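Trainee: What follows is a predicted structure for the sequence shown.
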Amino acid sequence: MTDTSLEPAAAPSPVVAEEATPRQPGAPMIVFEDVTKIYEPNIKALDRVSLTIDKGEFVFLVGPSGSGKSTMMRLLLKELEPTSGRIIVGGRELARLKRSKVPMLRRNLGCVFQDFKLLPNRTAYENVAYALKVQGESKRGIRTKVPEVLGLVGLSSKMSHMPDELSGGEQQRVSIARAFVNHPPLLICDEPTGNLDPDTSVGIMQLLYRINRTGTTVLMATHDREMVDKMRRRVIALEEGVVVRDERRGGYG
Amino acid sequence: MTDTSLEPAAAPSPVVAEEATPRQPGAPMIVFEDVTKIYEPNIKALDRVSLTIDKGEFVFLVGPSGSGKSTMMRLLLKELEPTSGRIIVGGRELARLKRSKVPMLRRNLGCVFQDFKLLPNRTAYENVAYALKVQGESKRGIRTKVPEVLGLVGLSSKMSHMPDELSGGEQQRVSIARAFVNHPPLLICDEPTGNLDPDTSVGIMQLLYRINRTGTTVLMATHDREMVDKMRRRVIALEEGVVVRDERRGGYG
Amino acid sequence: MRTKLFVTEALRSIQSNLSTAIAATLTVVIGMFLLGLFIALGTWVLSYTNDVKRQLIVNVYFCTETSCGVGKNEANQRQMEAVRQQLVAMPEVKDVKFISREEALEIMRERSPALVENIVSNPLPASYQVIPHRGEDVSAIAAQLEPPPVGVEKVNYGEKEAGRVLQVAKVVGAIFVVGSAILIVASVLLIANTIRLSIFARRREVEVMKLVGATNWFVRGPFMLEGLMTGLVGSLVAVVLLLIAKEVALPAVIQRTDLTNDEVRALAFPLIALIMIGTSLLVGAIGSGITLRRFLKI
Amino acid sequence: MRTKLFVTEALRSIQSNLSTAIAATLTVVIGMFLLGLFIALGTWVLSYTNDVKRQLIVNVYFCTETSCGVGKNEANQRQMEAVRQQLVAMPEVKDVKFISREEALEIMRERSPALVENIVSNPLPASYQVIPHRGEDVSAIAAQLEPPPVGVEKVNYGEKEAGRVLQVAKVVGAIFVVGSAILIVASVLLIANTIRLSIFARRREVEVMKLVGATNWFVRGPFMLEGLMTGLVGSLVAVVLLLIAKEVALPAVIQRTDLTNDEVRALAFPLIALIMIGTSLLVGAIGSGITLRRFLKI
Ligand SMILES: Nc1ncnc2c1ncn2[C@@H]1O[C@H](COP(=O)(O)OP(=O)(O)OP(=O)(O)O)[C@@H](O)[C@H]1O
Ligand SMILES: Nc1ncnc2c1ncn2[C@@H]1O[C@H](COP(=O)(O)OP(=O)(O)OP(=O)(O)O)[C@@H](O)[C@H]1O
Ligand SMILES: [Mg+2]
Ligand SMILES: [Mg+2]
C-alpha cells in the first residue's frame, strides 16, 4: 500500500473472516470540522457539520430526503469540494491532497453509490473486476476474488450479465460487491438496500457487519427504519444539512 | 380521449379529490393469461403468470430481488413482448395493438420507473411538463397542473433543478409526479419509495391512496414490508417468476 | 402550434447540448466549404478548358502557283466558293473566315518580322479558318474534306495540339465529375455520421420520451428541426467563408491576370451557395430522421 | 503488462461501441482519402507546371548581314564567343546551346515547309538558346543582356507566354498549398470532432472510472489506443481506396496519354500513404487525449 493508505498495512483478511480484529477506538477515520457545502447559487446542503468517526466504527447516517447524506459521501470521495471547513480522512486533509493522490484515496474507500454507477458496457463480473484492475491486481487475483465476492451478494449466476440485463436489486448488489472487493479500510454505502427486499437486505447487512468486524469502518446512509432500530449502532441524523442527533446506540428516530 | 383510452371518459377528477368515486369491481383493468417471458437466451423472468386486476383496485406486487416484478411492468408498457401468453390492458390485447396506438396506451398508463428515467437535460418542471406536452395539453393547462403536482410530492422549491442537481429521493418524486400528472386511469409504480425516508414514503403512500380513491387503478411493486403490512390491500407475491401468493388483504409475507 | 412547440424544443435541445451542436455544425461548415470550393474550382477549370477548346479551328489552305505541284494552278474564286459552300453545309461548322494571301503575310510579319523582311514573293497560301461549334468536331470537319477538293492544298487542324487540349479537357472534366461526386458523398456521409453520433449519445433520452407516451413524430420533430438548423447555420457559415475566400483571398493570389476573362468563369456564386445550403439542409433533416428510426422502435 | 491491459480494454471498448467506432473510422477514411487525393493531384499539377516552366528559354539572336541596320555586319565568331562567356558566367544559366543559321532554317522548314520553299537566301539569324536553371529566371537573364552586346540583334524570351505560364504555375501552386492546408486542417478537425463526440457520449463512464479509483492515465490509455486504432484502420482503408483509384480508375480515365511523362509525376505513393497514416494516428491519439482532459477533472 502507498502513503495514502488509510490503514497501517491491513492484514490480508478475507472478507468472510469471522474472528474480530482488534478495534482501535482512539484513531479517527473521518473528521468533519465545521463543514459547509453550498451548491451554486444558494442551496445549503450541509451547514457547519462537525463530527468524528473512529476507525472500526459502524455508523448509520439517517435523515429525510434531501437532507445532505449523499452530499457528505461525495465530499468524502473528493468528488466535490466543501465550501468551507476541513475534512480529514485517514489522517489526511482532503483539501491538501494532490490531484495525483486522489485515485489512491478512492481505492482505499469503497463506495456503494445511490445510483449504482455501473459501467454500462461491462458485465457484472467485469464491473467488479475493474475496481481491482485499477489498482494493478494480478489476473489470478481477479479470477479468484471476483466470483467469491459476487457469490457473497448472491449473484453467482448473473456474473456475465450486462447491467441493463439485471434487475434493480441485482445492479445494486453488483455495486456493493465492487465497493468491498479490494477490502478497503473504509466503506461508505449510500442506501445500499433501497432496491432490495427485506430478506436480501438482511443478508447484505450481515455481510456489512462481518466486514466491519474485520476492522473496516462502515458509514451507511439509509432509510431502513427496521434495520437501524434492530442493529442499535451509532446513528447520526441530518436534517436540512444540520446534524440534529448523534447517538452511540440509536434508533432511526 | 381516443379508442385506446383505458376508461370510459373519466370525469375530470382532481388528483386530490377526497370523495370516493364508485368502484366498478366487475371490469378487469389488467389480465395476464399464462404469460411467460424468457430473456434471450434462457432466463425465465416470468413463468406462466395468470392474474386479473380489476378497475379501481390497489395491488401490491412483492417478491425477492430478481423475481420478475419490473418485467411485469415493462410488459404492461409494451416495452417488451411476452414470449407466450396474452396480456390485456383496459380491454385491449397488447399483442394486437398497432404500433401507432402504443403512445396512446402509454399516456393512459402512468409509470414510476425503478430507475426514474428522467430526461437529463430538463428541469424537474420540464420533465413533468413533457408528459403533458406529449398529449397536446395547452400551455395554460401545463402552467397550472405541473406546479400543483410537484407541490403534492413536496418539490415546490426544486422545480427548476436539473435531475443531477436533485437528491435520489427528489428524483424519485419527480418520477412519481410525472406518472400521475395527467390523471391516467392506470398507475404502475416500480418501487416508488425505495429512495425515500419513512415519513416521505408515508406521504407518497397517502397520495397514491387518494389517487386510487378517485378510481385510478394502482399496481405497485415494493419491498417496504412495513407499508404493505399496514395497508392491508391485495398482495400478489412473485418468486422466480411464479405467482406464489395472491391475497385480497395480505401482508408482505 | 405543433411547429412552434417543435421549434422551442429544438432550440432548448441545441442549448443544452451546446458543445455537441457546435461539433455537428463545424462538420457541416467544413464539409460544405470543401464542397463549395471544389464546385467553384471545378467549374472554373471546366470553363477554362472550354475556352481553350473554343480556340480550336480547322485551316483549309488553298493552292498557290507552285505549292500543289506541277500542272496545278493557284486556286480560283470559283473553287474557293465551292469549298465554302461545302463547309457551311456541315452542321458542325459555326463560321468560316477567309484569310487572303496578303493577310496571311501580314500576320506572319507580326509574328516573326525577321523572317518576312527579305522575302521576294509571298510564299503563303490563302486559307479558310473554319470555326466549329464544338472543339471536339475539328477532326470530323477535316475528315469530310478528305480527299481535298480541287484547289485545296491541305487541310490542317493542328492534330497534335487539338488532341492534347482535348485530352487535358477530358481529364480535367473527369476529375471534376469524379471529385465532386466523391466530395458530395463524403460530406453527406460526414454530416450524417456526426448527426448519428450526436443522436446516439442521446438514445436513452429518446427511449424515455417514447415510454412516457410521445409519438414517433413528436420525438422526431425537434431532432429533425435541430438537424435542419445545424445544416442551415453550418452551410451559411461555409458560404460566408467561401465568399471571403473569393473576394479577399483569390484577388490577392491572382492579382491582375489574363487568366480572368469574360468567357472563363466558375459557376455563379449564388448557385454554388444554393447547392451548399440545399445539400446540408437535406442531409441534416433526413440524416436525423433516419438515425432516429433505430431508437424509436421501443 | 499495462500495455496489454490497455490493448484488451481498447478492443473491448471498440467492440461494445461498435457502431460509434465504425462511424469514427468512416470519418477517418473519408478525411484521409480526400487528403491523399488532394496531395496526389496537387503534386502532380505542380510537377506538370514545373515541366512546362522548364521549357522556358531565352533566345539570343545575332545580327545577319542586314538585320542590324546600315553599317553593321553579321556577327562574327569572336562576338559570339564573348556573349557565350557572358552567359555561362551568369549563375541563373544552366546551359547555352548554339543554333546556326542553317539549323534555324532547317527547323523552320520542318515547321512550315510552304514558307521556306521559295526562299532566295537564308533570312534567319544564328542564335543561342539559353536554358535557365529555373523558369522564373528568363527575364533576369534577358535583363542582363540589356543593352544588347555587340553583334546581338535582339534578346527574346517570349515574354507573354512566359508570363502566362508563370502565372498559371503560381496560381496552381497557391491553390495547392492553400487547398492542402485547408484540407489538412479540415480533416484534422473532422476526425478530432468525431472522436470528441464519441467520447462525449461516454463521459459518464469516464466519471465512474475515476470514482472507483482509476488514475488519469489508466482511463486515458485505452481511449487513446482506441483513437490510434481508429486512425490506423481508417487511414489504411483510405490508402487502399486511393491505391485502387490510382491503379484502376486513373488508367481508365486517362487511357494512353502524352500527359504522362517521366518528368511529370505526383508525389511518390508510399510518401502520400505515410502522410495519411501519420496524420490520422497523430490526430487519433492526441484528439482522444485532449478531449478526455475535460472529463478527467473529477
Ligand atoms: N448539484 C446540485 N446542485 C444543486 N443542488 C443540489 C445538487 N445536488 C444536490 N442538491 C441539493 O442538495 C440537497 C441535499 O442533497 P443530497 O443528495 O445530499 O440529499 P440526500 O440526503 O442524499 O437525499 P436522498 O435521501 O433523497 O438521497 C438537496 O436538497 C438537493 O436538492
Ligand atoms: N434484458 C435482460 N436480459 C436478461 N435477463 C434479464 C434482463 N432483464 C432482467 N433480466 C433478469 O430477469 C429476472 C427478473 O428481473 P426483474 O427486473 O423483473 O426483477 P425484479 O423483480 O424487478 O427485481 P428487483 O426487485 O431487484 O428490481 C432477473 O433475474 C434479471 O436478472
Ligand atoms: Mg442521497
Ligand atoms: Mg425491479
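Mentor: Noted; the coordinates are in hand. Numbers count the residues shown, from 1 in each chain, chains lettered A, B, ... in the order given. Ligands and ions are numbered 1, 2, ... in the order given.
Trainee: alpha carbons only for contacts and neighbour counts from here, please
Mentor: OK.
Trainee: tell me the contacts of the residue of the stretch 51-200 of chain C found nearest chain A?
Mentor: Chain A sits closest to C:F200 of the stretch 51-200 of chain C, with a gap of 14.6 Å, by CA to the nearest CA. When contacts are counted by CA atoms under 8 Å, 6 or more residues apart in numbering or on different chains, C:F200 touches D:A201.
Trainee: just A:K145 next, same as before
Mentor: Going by CA under 8 Å, 6+ apart, the list of residues near A:K145 reads A:V181.
Trainee: give me every residue that touches residue 194.
Mentor: Assuming you mean chain A. Shown in contact with A:G194 (CA under 8 Å, 6+ apart): A:222-224, B:194-195.
Trainee: The intended chain is chain C.
Mentor: For C:T194, the contact set (CA under 8 Å, 6+ apart) comprises C:24, C:27, D:194, D:197.
Trainee: make it 6 Å
Mentor: Contact partners of C:T194, counting by CA atoms under 6 Å, 6 or more residues apart in numbering or on different chains, are C:A24.
Trainee: ranges for the strands of the stretch 51-200 of chain C?
Mentor: For the stretch 51-200 of chain C, the strands defined by DSSP state E, counting those that start in this stretch occupy C:58-62, C:93-99, C:127-132, C:152-156.
Trainee: so which of those gets nearest ligand 2?
Mentor: Closest to ligand 2 of the strands of the stretch 51-200 of chain C is strand C:127-132 (CA to the nearest ligand atom; 74.1 Å).
Trainee: Show me how the record splits chain C into domains.
Mentor: For chain C, automatic domain parsing gives the domain ranges C:2-52+C:165-296, C:57-156.
Trainee: Tell me which of those domains is the most buried.
Mentor: The highest mean neighbour count among these, using mean count of other CA atoms under 10 Å in any protein chain shown, belongs to domain C:2-52+C:165-296: a mean of 19.
Trainee: Now stretch A:129-143: buried residues?
Mentor: The neighbour-count check on stretch A:129-143 (16 or more other CA atoms under 10 Å in any protein chain shown) flags A:129-135, A:142 as buried.
Trainee: Next to chain D, which bits of chain A? Give me the list.
Mentor: Contact residues (CA under 6 Å from any CA of the partner chain) of chain A with chain D: A:103, A:106-107, A:119, A:134.
Trainee: out of the residues you listed, who's nearest ligand 3?
Mentor: The closest of the residues of chain A next to chain D to ligand 3 turns out to be A:R106 (CA to the ion; 18.9 Å).
Trainee: For that closest one, give me its contacts.
Mentor: The neighbourhood of A:R106, defined by CA under 6 Å, 6+ apart, consists of D:G213.
Trainee: Report pLDDT for it.
Mentor: Per-residue confidence (pLDDT) for A:R106: 95.
Trainee: In a strand, it, correct?
Mentor: No: assessed by DSSP: H, G, I helix; E, B strand; the rest coil, A:R106 does not belong to a strand; its assignment is helix.
Trainee: can you tell me how far it sits from C:A201?
Mentor: According to CA to CA, to the nearest Å, A:R106 stands 28 Å off from C:A201.
Trainee: rewinding a little: go through the domains of chain C and name the closest to B:M29.
Mentor: Closest approach to B:M29 among the domains of chain C (CA to CA): domain C:2-52+C:165-296, 18.9 Å.
Trainee: and the residue nearest the centre of chain C, how far is that from ligand 4?
Mentor: By CA atoms, centre = their mean, the mean C-alpha position of chain C lies nearest to C:T43, the distance being 2.2 Å. For C:T43, the distance to ligand 4 equals 63 Å [CA to the ion, to the nearest Å].
Trainee: again with C:D137
Mentor: To ligand 4, C:D137 is 80 Å away according to CA to the ion.
Trainee: Next, count neighbours for A:L51.
Mentor: 15 (other CA atoms under 10 Å in any protein chain shown).
Trainee: what pairs with the helix or strand hosting it, and is each one parallel or antiparallel?
Mentor: Assigned by DSSP states H and E, A:L51 belongs to strand A:43-54. Strand A:43-54 has the following strand partners under DSSP bridges: strand A:28-39 (antiparallel).
Trainee: got the buried residues for the partner strand?
Mentor: Neighbour count says strand A:28-39 has A:28-38 buried, by 16+ other CA under 10 Å.
Trainee: what about the helices in the stretch 1-150 of chain C?
Mentor: Secondary structure of the stretch 1-150 of chain C by DSSP state H, counting those that start in this stretch: the helices cover C:2-16, C:18-54, C:77-89, C:101-111, C:113-117, C:138-144.
Trainee: Tell me the one of the contacts of A:G194 nearest B:V218?
Mentor: Looking across the contacts of A:G194 and measuring by CA to CA, the closest to B:V218 is B:G194, at 17.0 Å.
Trainee: Next one: that closest one from A:Q172, what distance?
Mentor: Counting by CA to CA, the gap from B:G194 to A:Q172 is 12 Å.
Trainee: For residue 59, give the beta-bridge partners.
Mentor: Unless you meant another one, I'm taking chain A. According to DSSP bridges, the residues that bridge with A:V59 are A:L219, A:R234.
Trainee: try chain C instead
Mentor: As for beta bridges, C:N59 partners with C:Q129, C:N156 under DSSP bridges.
Trainee: Just confirm it contacts C:V152, I think it does.
Mentor: No: assessed by CA atoms under 6 Å, C:N59 is found out of contact with C:V152, at 10.6 Å.
Trainee: my guess is A:V62 contacts A:V235, does it?
Mentor: No: A:V62 is beyond contact range of A:V235, at 7.1 Å (criterion: CA under 6 Å).
Trainee: So these two - more neighbours on which side?
Mentor: Between A:V62 and A:V235, A:V62 has the larger neighbour count (other CA under 10 Å), namely 28 against 25.
Trainee: With adjacent residues omitted, what lies nearest to the single nearest residue of chain C relative to chain D?
Mentor: Nearest to chain D, among the residues of chain C, is C:A201, at 4.6 Å (CA to the nearest CA). Nearest residue to C:A201, sequence neighbours excluded (CA to CA, 6 or more residues apart in numbering or on different chains): D:A201, at 4.6 Å.
Trainee: do C:I39 as well
Mentor: C:S180 (6.7 Å).
Trainee: where does that neighbour land on pLDDT?
Mentor: Predicted confidence (pLDDT) for C:S180: 76.
Trainee: if I look at A:D199, how far off is chain C?
Mentor: Using CA to the nearest CA, to the nearest Å, one gets 31 Å for the distance from A:D199 to chain C.
Trainee: Under a three-state scheme, what state does the spatially most central residue of chain A occupy?
Mentor: Nearest to the mean C-alpha position of chain A, by CA atoms, centre = their mean, lies A:I188 at 1.5 Å. When classified by three-state DSSP, A:I188 comes out as strand.
Trainee: Would you mind naming the residues that bridge with it?
Mentor: Applying DSSP bridges, one finds that A:I188 bridges with A:C111, A:L219.
Trainee: residues in contact with it?
Mentor: A:111, A:218-220.
Trainee: Using the three-state scheme, assign A:L80.
Mentor: Going by three-state DSSP: A:L80 is coil.
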